[in-house]
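> This is a predicted model, with the sequence first.
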Amino acid sequence: MKEEQIISKGIVDSPNDPKFVNNIKNAVKALEYLDGTTIKPNKIFSFNKTVGKRTLQRGFVKGLSGSGGYYYPDVGGGVCQTATAVYRAAVNAGFKIVERHKHLYGAIYAPKGDDAAIDWDANWDLKFKNTSPYTIIIRTYTTPENKAVVVEFVKQDELSSILPKNYKVKIFVNDSDITYNQDTGLPFILGERTYVPIRATAEQLGAEVKWDSVENSVEIKYNDKMVKFFIGQEYYLIDTQESTLDATPFISPSDGRIYMPLRYLAEGLGLEIKVELIDDVVQIRME
């Protein structure tokens, strides 16, 4: 199977006015509903169909809807920020925009007018057609402190693109089992990649982990090695040498943990990986 490839990305900065705090919560909740969605060639994506109706029962809260200073309380207010990220990713991918609406008086997070307005009751939707010859997976995450929402379109072959997240994975270091739980974040397999929560994995290796909120980076020191990863960036540093990634580190909107492919973490720290399938469980050993 082919390895995944990020073909486009949409990023939208969050408003910093405190009155929009619930809007950001709704934007993040919409990311959760979008994450992992697959779009086959020539199929049309619908934001409303994928995210669903914004209700309290489905985890949305009362935010503000409207634009240009004219706002009113609305459950789900703020999801347009996420819709705008999807729209930008679709435009960047060169996909055909089937339906898109704009805020009447503009959106504060889209000063250039490249926003997408969504309204369930008015039947305002965002739709685009996957005009590429391959299946697309939507991957979503936020930058630290939810300062921006990010939507990536990932290209995969037909088989790997329809695989769900598989949590049947065990990871060992020199025959010692690395333990994970809901608090640390759980490793999972998606397509061709095994993703792990960076901090829990590195610290159980005996490494020192340092988060830099300015650079949006994670620095890991292990023995005489130093490796640094950057959220949403397709490169990383091993000591001072730059290397490339084909799957970027991201912050999960569901648990706030930073995840990345285990392969790059291991290689950056000078460890070798061996993979076995035993009783339907993928066992990965680092030595």
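Received the coordinates, thanks.
> nearest residue to residue 140 other than its sequence neighbours?
residue 31 (3.9 Å; CB to CB, 6 or more residues apart in numbering). C-beta coordinates here come from the backbone N, C-alpha and C atoms, glycine included.
> mind listing what that neighbour touches?
82, 140-142, 149, 151, 253 (CB atoms under 8 Å, 6 or more residues apart in numbering).
> mean confidence for the helix or strand where residue 12 lies?
Applying DSSP states H and E as the criterion places residue 12 in strand 5-13. Averaging pLDDT along strand 5-13 gives 90.
> what are the C-alpha coordinates of that strand, in CSV please?
Extracted in CSV, the C-alpha atoms of strand 5-13 (Å, rounded to 0.1, in the frame of the first residue of the first chain):
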residue,chain,number,x,y,z
GLN,A,5,0.7,12.2,1.5
ILE,A,6,-0.7,15.6,2.6
ILE,A,7,-1.9,17.3,-0.5
SER,A,8,-3.4,20.5,1.0
LYS,A,9,-4.1,22.3,4.3
GLY,A,10,-6.5,24.9,5.6
ILE,A,11,-5.6,27.0,8.7
VAL,A,12,-7.8,29.6,10.4
ASP,A,13,-6.6,31.6,13.4
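> How about it, which residues are buried there?
For strand 5-13, burial by neighbour count (16 or more other CB atoms under 10 Å) applies to 6-12.
> of all the residues you listed, which comes closest to residue 203?
Using CB to CB, residue 6 is the member of the buried residues of strand 5-13 that lies nearest residue 203, at 27.8 Å.
> Could you list the low-pLDDT ranges of the stretch 1-150 of the chain?
1-4, 68 (pLDDT under 70).
> what ranges do the helices span in it?
Ranges of helices in the stretch 1-150 of the chain, per DSSP state H, counting those that start in this stretch, are 21-34, 47-51, 79-93.
> Of those helices, which is nearest residue 172?
helix 21-34 (30.7 Å).
> Would you mark the buried spots in that closest one?
In terms of neighbour count (16+ other CB under 10 Å), helix 21-34 has its buried residues at 21-31, 33-34.
> cool, and stretch 204-220?
The neighbour-count check on stretch 204-220 (16+ other CB under 10 Å) flags 204-205, 207, 209, 216-220 as buried.
> roughly how far is it from the heart of the chain?
Centroid displacement of stretch 204-220 relative to its chain, using CA atoms, centre = their mean, to the nearest Å, is 19 Å.
> before we move on, what about stretch 100-110?
On CA atoms, centre = their mean, the centre of stretch 100-110 falls 24 Å from that of its chain.
> in that stretch, what counts as buried?
100-103, 107-110.
> for stretch 217-237, same thing?
Across stretch 217-237, burial judged by 16+ other CB under 10 Å covers 217-220, 222, 226-232, 236-237.
> So which of those sits lowest on pLDDT?
Lowest pLDDT among those: residue 232, with 77.
> surely that one meets residue 141?
Yes: counting by CB atoms under 8 Å, residue 232 touches residue 141, with 7.4 Å between them.
> Name the residues contacting each of these two.
150, 250.
> Contacts only, for residue 248.
With CB under 8 Å, 6+ apart, residue 248 has these contacts: 6, 152, 231-234, 260.
> Which members of the residues you listed are positioned in strands?
Taking DSSP state E as the definition of strands, the contacts of residue 248 contribute 6, 152, 260.
> Distance to residue 287 added to the contacts of residue 248, as TSV?
Shown next, in TSV, are the contacts of residue 248 (distance: CB to CB, whole Å):
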residue	distance to residue 287
6	30
152	32
231	28
232	30
233	28
234	27
260	20
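> Is residue 148 in contact with residue 88, as I believe?
No: using CB under 8 Å, residue 148 is not in contact with residue 88, being 11.6 Å away.
> Residues that sit against both of the two, list them.
With contacts defined as CB under 8 Å, 6+ apart, the residues shared by residue 148 and residue 88 are 11-12.
> Many thanks, have a good one.
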